[in-house]
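**Student:** Pasted the sequence and its predicted model underneath.
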Amino acid sequence: MEKSFVTFKDVSFRYQEEQPWIFNGLNISVNRNEWVAIIGHNGSGKSTIAKLMNGLLFPQEGTISVDQMELQDETIWDIRKKIGMVFQNPDNQFVGTTVMDDVAFGLENHGIPREEMKRRIKASLNAVGMIDYIHHEPHRLSGGQKQRIAIASVLAIAPEMIILDEATAMLDPIGRKEIMKTVHQLREQRDVSIVTITHDLNEVTYADRVIVMNKGEVWYEGTPREVFAKQRQLDEIGLGVPLVTQFAHELKRYGMELEPEPINQKELVDALWKYHSTM
Amino acid sequence: MEISFDNVSYIYQPGTPFEHRALHQLTFTIPSQSFVAVIGHTGSGKSTLIQHLNGLLTPTSGVARIGPYVLQAGEKNKDLKSLREQVGVVFQYPEHQLFEETIKKDIAFGPANFEVRQEEIERRIYAAIDAVGIQSDMLERSPFDLSGGQMRRVAIAGVLAMEPRVLVLDEPTAGLDPKGQQEIMDMFYNLHQEKQLTTVLVTHSMEDALAYADYIIVMDQGELYKEGTPLEIFLQPQALNKVGLEVPEIISLSSTLEKEYGITIDYKKQTLEELAEMVAHQLKGRATHE
Ligand SMILES: Nc1ncnc2c1ncn2[C@@H]1O[C@H](COP(=O)(O)OP(=O)(O)OP(=O)(O)O)[C@@H](O)[C@H]1O
Ligand SMILES: Nc1ncnc2c1ncn2[C@@H]1O[C@H](COP(=O)(O)OP(=O)(O)OP(=O)(O)O)[C@@H](O)[C@H]1O
Ligand SMILES: [Mg+2]
Ligand SMILES: [Mg+2]
């Protein structure tokens, strides 16, 4: 069985004729059950990739396939069922007049039976801490509450792949961690591919693989640790590394080389033992 | 301009089944020319609070004063236009403040509305896009055909072009890339200093609250939970955890290292470089003493 779930082959895209190309022969893929983070400067093409993945946009050249089906007019509805997406601005995706209707809408489209629907609505709203708002209007919520509802709607559908396009940008740090934990738990329960598009460098560390975009091109691909080892080059393209990694970098000046290069606090503490145990 | 809230409460959709009390008897003062950060859990009332600062919302009860302007229930404020000329608000979602057909017209809208001369508007447009990192060849494009971060930058440019006396920023760096976040916050800070503005920043970035604010207001469920200088607020991790917040990462890193390795940092706004020096010194110093 093929491992790759979504494949872009030589994809070229521009929004309109006579406008510059956003991508010129882009090749990327996301494997089944893989968690991929996409990072890159503003305007580097991340959201455009997301919209191409679920057929909201079509490439002028090249092919995109999802689960071994080529994305075309005939396959688009099947493909959209496999991919759930949370947009950068949640206002763009609310359809229901209450939070419950909104989550239910996607489930109805997937033909989920009534009892199962109820169960999933509850479970997903609980997962994002919004069960108390089930009868509220999505448009009359705070910025972060809207993002939580948008995430719940996608979790409820349980698609084969979830794309989160800066879906936690309006959440407080604890809220972000909770969402990441929820996604993590989801992966332990069943096979699901995750694509997170984010500017939060700590969020990137959860991914199996990172695709770094720069001006519409793949600048680098690798594990979070491999990516964050390129601190200086990342700075040059408008990105950065987590605070812990910066800190480890500073320690080098005092002859303290940490192995492996830490990307979170736990790794830093563990790596530092080497210097402590020499006492 | 000094800003003060005296017992301000705000209720959304009063008298309906959806009635929701978003602010409850809020009292505080923001001195003129200070830089205040407002932090709080999702839904704690931050955006509701700041929408009072340019009269978009009027208190359900209590009084909000913004310089000479007074907002209170039941009284129609006739100076709303001049209040809005002085108070520039960057909203949480940039789409909510973009509406013209080109980026250029969008940025010009504020100053044009307040009868600024055409040449001056032109000057401000270029100064503003320069400050937010938008290229001039984009000016004729639609503000809706942009990436999320580009929209954010255009929305900020529109507020800068008004040259307000009070800057109100609701999560202004959400959606910006890491370099953009730093650059735009530095830009706001320099402007704040240079033009002696009064600045109110709503943020989920505890790092920004620590780095830029001289005072912090912590909201919880519509109430003022705590206020103080950044160090006063951030050196009480338990109090913050109680309302779903965390200390800035540099502080949690410091306390983790203190705990795990028995070293002393005593965090008081040291930079990461200084922190590394302290840690290296203490860990290695100890090793050579043995
Ligand atoms: N609807 C549109 N019409 C025309 N051009 C667009 C449209 N949407 C985006 N673009 C352009 O395409 C390029 C890529 O945009 P995209 O939204 O994919 O960037 P992004 O990497 O998601 O950026 P951000 O981090 O700011 O969200 C940008 O230069 C942008 O101006
Ligand atoms: N238009 C509205 N109608 C009714 N209730 C509202 C409306 N806007 C916000 N609320 C409610 O008021 C409370 C405060 O919302 P507010 O937008 O001020 O929160 P916030 O602190 O800015 O949150 P966030 O960090 O998520 O942006 C929330 O519980 C929200 O659901
Ligand atoms: Mg985007
Ligand atoms: Mg808000």
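**Tutor:** Looks like it came in fine. Ligands and ions are numbered 1, 2, ... in the order given.
**Student:** Can you mark which positions in stretch A:188-206 are buried?
**Tutor:** By 16 or more other CB atoms under 10 Å in any protein chain shown, the buried positions in stretch A:188-206 come out as A:192-206. All C-beta spots, glycine's among them, are computed from the backbone N, C-alpha and C.
**Student:** For chain B, tell me whether that stretch is touching it.
**Tutor:** Yes. Using CB under 8 Å from any CB of the partner chain, we find that stretch A:188-206 touches chain B at A:199, A:201.
**Student:** Domain boundaries for chain B, per the record?
**Tutor:** B:3-247, B:248-290 (automatic domain parsing).
**Student:** Is there any residue in the first one that contacts ligand 2?
**Tutor:** Translated: domain B:3-247. Yes. Counting by CB under 6 Å from any ligand atom, ligand 2 is contacted by domain B:3-247 at B:12-13, B:20, B:22, B:40, B:42-48, B:92.
**Student:** out of those residues, which are buried?
**Tutor:** Buried, going by 16+ other CB under 10 Å: B:22, B:40, B:42, B:43, B:44, B:45, B:46, B:47, B:48, B:92, out of those.
**Student:** Looks to me like the third one is in a helix.
**Tutor:** What it means is residue B:42. No. Using DSSP: H, G, I helix; E, B strand; the rest coil, the assignment for residue B:42 is coil, not a helix.
**Student:** Can you spell out which helices and strands pack onto the strand or helix carrying residue B:6?
**Tutor:** Residue B:6 is part of strand B:3-12, with elements assigned from DSSP states H and E. Secondary-structure packing of strand B:3-12 (3 or more CB pairs under 8 Å, 6 or more residues apart in numbering or on different chains; DSSP states H and E): strand B:20-30, helix B:46-50, strand B:61-66.
**Student:** Buried ones in it, by neighbour count?
**Tutor:** Buried residues in strand B:3-12, counted by 16+ other CB under 10 Å: B:3, B:5, B:8, B:9, B:10, B:11.
**Student:** Could you do stretch B:104-121 as well?
**Tutor:** Buried residues in stretch B:104-121 (16+ other CB under 10 Å): B:104, B:105, B:106, B:107, B:108, B:109, B:110, B:111, B:116, B:121.
**Student:** Can you name the residue of chain B nearest to ligand 4?
**Tutor:** residue B:47 (3.1 Å; CB to the ion).
**Student:** residues touching that residue, list them.
**Tutor:** Residues in contact with residue B:47, defined by CB atoms under 8 Å, 6 or more residues apart in numbering or on different chains, are A:142, A:143, B:92, B:170, B:202.
**Student:** Switch the buried ones among the residues of domain B:3-247 next to ligand 2 over to CSV; also include pLDDT.
**Tutor:** Converted to CSV, these look like this (pLDDT from 0 to 100):
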residue, pLDDT
B:22, 97
B:40, 96
B:42, 94
B:43, 94
B:44, 96
B:45, 97
B:46, 98
B:47, 97
B:48, 98
B:92, 93
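**Student:** could you pull out the helices for the stretch 151-290 of chain B?
**Tutor:** Here the stretch 151-290 of chain B has its helices, by DSSP state H, counting those that start in this stretch, at B:178-194, B:206-212, B:230-234, B:237-242, B:249-261, B:272-289.
**Student:** from the ones you listed, which stretch is densest packed?
**Tutor:** helix B:206-212 (a mean of 21; mean count of other CB atoms under 10 Å in any protein chain shown).
**Student:** quick one: is that helix near chain A?
**Tutor:** Yes. Against chain A, helix B:206-212 shows contacts by CB under 8 Å from any CB at residue B:206.
**Student:** how far does that helix sit from the chain's center?
**Tutor:** 10 Å (CA atoms, centre = their mean, to the nearest Å).
**Student:** packing partners for it?
**Tutor:** So helix B:206-212, by 3+ CB pairs under 8 Å, 6+ apart, packs with strand B:35-40, helix B:178-194, strand B:198-202, helix B:230-234, helix B:249-261.
**Student:** same thing but at 10 Å, please
**Tutor:** The helices and strands touching helix B:206-212, judged by 3 or more CB pairs under 10 Å, 6 or more residues apart in numbering or on different chains; DSSP states H and E, are strand B:35-40, helix B:178-194, strand B:198-202, strand B:215-220, helix B:230-234, helix B:249-261.
**Student:** mean confidence score for it?
**Tutor:** Regarding helix B:206-212, the rounded mean pLDDT is 96.
**Student:** just stretch A:208-224 next, same as before
**Tutor:** Per-residue scores along stretch A:208-224 average to 97.
**Student:** Tell me the buried residues in it?
**Tutor:** A:209, A:210, A:211, A:212, A:213, A:214, A:216, A:218, A:219, A:220, A:224.
**Student:** so what's the backbone phi/psi at the second one?
**Tutor:** Pointing back at residue A:210 there. Dihedral angles of residue A:210 (phi, psi; degrees, to the nearest 10) stand at phi -120, psi 130.
**Student:** who's it bridged to?
**Tutor:** Under DSSP bridges, the beta-bridge partners of residue A:210 are residue A:37, residue A:222.
**Student:** Nearest to ligand 3 within the stretch 101-250 of chain B, name that residue for me.
**Tutor:** Closest point on the stretch 101-250 of chain B to ligand 3, by CB to the ion, is residue B:148, at 4.2 Å.
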